[in-house]
Structure formats: C-alpha cells, structure tokens
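K.L.:
predicted model follows, preceded by the sequence.
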Amino acid sequence: MTTQPCTRSRLRVDFAYDGSGFSGWAAQPGLRTVEETLALAWQTILRCEEPPRLTVAGRTDAGVHARGAVCHLDVADELLVRLPGRSDRSPAEAAVTRLNGVLPGDVVVRAVQVAPEGFDARFSAVERRYRYRLLDDPARLDPLRRHDTTVVRRPLDLARMQEACAGLVGLHDFAAFCKQREGATTIRALLEYSWVRDDEGVLVATVRADAFCHSMVRALIGGAVPVGEGRRDAAWLRSVLEGARRDPGVAVMPPQGLSLEAVVYPGDDQLGARAEEARAVRRLPLL
C-alpha cells in the first residue's frame, strides 16, 4: 500500500500587537514572546502536535509594537480543510476568526491568505516602514498613549532634525547605528527618514528602508535627539554615519515609542526573485 504525500500550503498572516507585555518577537525560554504566543494559537486551532514554525518580516525587540506585521507558515492541507467545520467559510477566513478567539487581547490577526508562489515573509519584502513617537513637553503627555510615546525633557527643533536626518537617506553602511552580528551585513538602503509634529505636539518620525539591522531604527532616532536639542549640529549625524562605528553620542532610544507600521511586497510575479536577491550578500558600489 502506497502512502500519498502530504501536501502543504504556505499561509501569509497579517497581524498587529501591543509590545508592552512581550519580550520581543523571538521565542525565548521562560519569556512571553509574540512568536510563541502566535505559534501556540496556531497549534490550538490546527490541533497539531507541535507549534508551527513562523517566519516573520521583522523581528521586533522587547516593548516594540506592530500595526502591520507579516509572517508566513507552512501548513498541511489536511489540517487546513478542517478549520471551517460546518460553516461555508474558507479555511483562511475561518483561521482569522479562530485565532482571534484564542489569542490574548494584545495580539490581533488581521488577515490570513494562501500565499502566492515564491512568497517569503522575510526575504520577499522590499520595504519596512516604522514610526516613532517622541514628546518633548512632558505636561502634554496623554496618559492613554504612555505605552507608545517616549518623553524627553528638553525641547526639540524640528527643522534641525529634518535637515540632519535627510543626509542619511540612501544606500550606506549603517554600522554606526546597528548592533553588529557576526557575519551579518550592515549595508541598508534607507528610503526615508522624516519628522513631523502632529496636532498634539508629538514629534513623529517615519523611517523606511528595504531592511533594518538590529536596533537600527531606535539608534537613528537617538542620533536625531541631540541635534534637535541643539547639542550637536546637523552635519554631525552624517559624520557619525561615515565613521562606520558606534558613537557614544548616539543613544538607543526606549522601545515603547516604536511601531512597525507596514511591510511592502512586490507583485506576485516578482516575489521569488526578490527573495533570492535579498538572500545575497550586500555590498556598497565601488566609487
């Protein structure tokens, strides 16, 4: 008797979370993490023996939030078809309802869909967009926003910060703003680094790049603060970048002000090629 091979489907999962109560995305023994929480929810609804392996587009640190997170997992079709039960929903639609029924309130699944061929949540992405909220007037802090806003004590000059941060946009080695990992490149294409002050007086940074290295966004924010306070001039931030090593004047800012807002992917016909490109070792062009 021959055994039929088990067919599997790759699922794309769009989700959001309040990072306040998590020790980051990555599963760690004895700590509450987003990865373990979401994987256990999938194990529960699929009724499988082990939690499935999740591949995420962006691994956030402890306390960092996400509104537009994306991950993928591969699931046996025989498990998927059971999800709707007696309803006429698709397995993907049923997964959203069932996951949100077992997840804690600080994690919400927005959508589940069968991923196009070649999709990889991490390597197929062409852009990640982060937002950072910074308030320079402690008396104006909305207590309901204390978990997603960082407060500083000195007033900040928006125009000076804009001028300094614009000089970092482009393809560069961001070693000065990263916690380096052995064998990992620190070359990134920074697509945008801009600031606005909203109606509540909060300074909001938008930081977009093809990818980020460890702690890069919070270090970029930390580099802008002394410029905004007047302790450094606008040219200083560019000199830190060109120095290609950590500068003691650049602090890694607290996590609560940071949120992953969106992950962008190319068209379906380009997903596989983009994943192969992203896996390649990146180098700066020769001048």
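P.N.:
The structure has been received and is ready for your questions. Residues are numbered from 1 along each chain as shown.

K.L.:
dump the helix or strand of the chain with the lowest mean pLDDT to CSV, restricted to CA.
P.N.:
Ranked by mean pLDDT, DSSP states H and E, the weakest helix or strand in the chain is helix 271-279, scoring a mean of 90. The C-alpha coordinates for helix 271-279 follow below in CSV (Å, rounded to 0.1, in the frame of the first residue of the first chain):
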residue,chain,number,x,y,z
LEU,A,271,8.3,37.5,-5.1
GLY,A,272,10.7,34.7,-5.7
ALA,A,273,13.3,36.8,-7.5
ARG,A,274,13.1,39.4,-4.7
ALA,A,275,13.7,36.7,-2.1
GLU,A,276,16.8,35.4,-3.9
GLU,A,277,18.1,39.0,-4.2
ALA,A,278,17.6,39.7,-0.5
ARG,A,279,19.5,36.5,0.5
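
K.L.:
mind listing residues that contact that helix?
P.N.:
116-120, 122-126, 210-211, 265-266 (C-beta atoms under 8 Å, 6 or more residues apart in numbering). C-beta coordinates here come from the backbone N, C-alpha and C atoms, glycine included.

K.L.:
which ones among those residues map onto strands?
P.N.:
Secondary structure defined by DSSP state E assigns none of the contacts of helix 271-279 to strands.

K.L.:
scan those residues and report the most crowded one.
P.N.:
Ser124 (27 neighbours; other C-beta atoms under 10 Å).

K.L.:
so what does that one have for phi and psi?
P.N.:
Main-chain dihedrals, Ser124, degrees, to the nearest 10: phi -80, psi -10.

K.L.:
from what I can see it touches Tyr265, true?
P.N.:
Yes. With contact defined as C-beta atoms under 8 Å, Ser124 reaches Tyr265; the gap is 5.5 Å.

K.L.:
ranges for the strands of this protein?
P.N.:
8-17, 55-56, 65-76, 107-114, 127-135, 150-151, 170-173, 187-197, 203-209, 258-264.

K.L.:
save these as JSON lines, and put in mean neighbour count too.
P.N.:
Output for the strands of the chain, formatted as JSON lines (neighbours: other C-beta atoms under 10 Å):
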{"stretch": "strand 8-17", "mean neighbour count": "20"}
{"stretch": "strand 55-56", "mean neighbour count": "18"}
{"stretch": "strand 65-76", "mean neighbour count": "21"}
{"stretch": "strand 107-114", "mean neighbour count": "17"}
{"stretch": "strand 127-135", "mean neighbour count": "22"}
{"stretch": "strand 150-151", "mean neighbour count": "20"}
{"stretch": "strand 170-173", "mean neighbour count": "15"}
{"stretch": "strand 187-197", "mean neighbour count": "17"}
{"stretch": "strand 203-209", "mean neighbour count": "21"}
{"stretch": "strand 258-264", "mean neighbour count": "21"}
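
K.L.:
so for Ser215, which of those strands sits nearest?
P.N.:
Among the strands of the chain, strand 258-264 comes nearest to Ser215, with 10.2 Å by C-beta to C-beta.

K.L.:
tell me what angle the closest one forms with strand 127-135.
P.N.:
160 degrees (axes from the mean of the first three to the mean of the last three C-alpha atoms, to 10 degrees).

K.L.:
paired strands for strand 258-264, with orientation please.
P.N.:
Looking at strand 258-264 with DSSP bridges, its partner strands are strand 65-76 (parallel), strand 127-135 (antiparallel).
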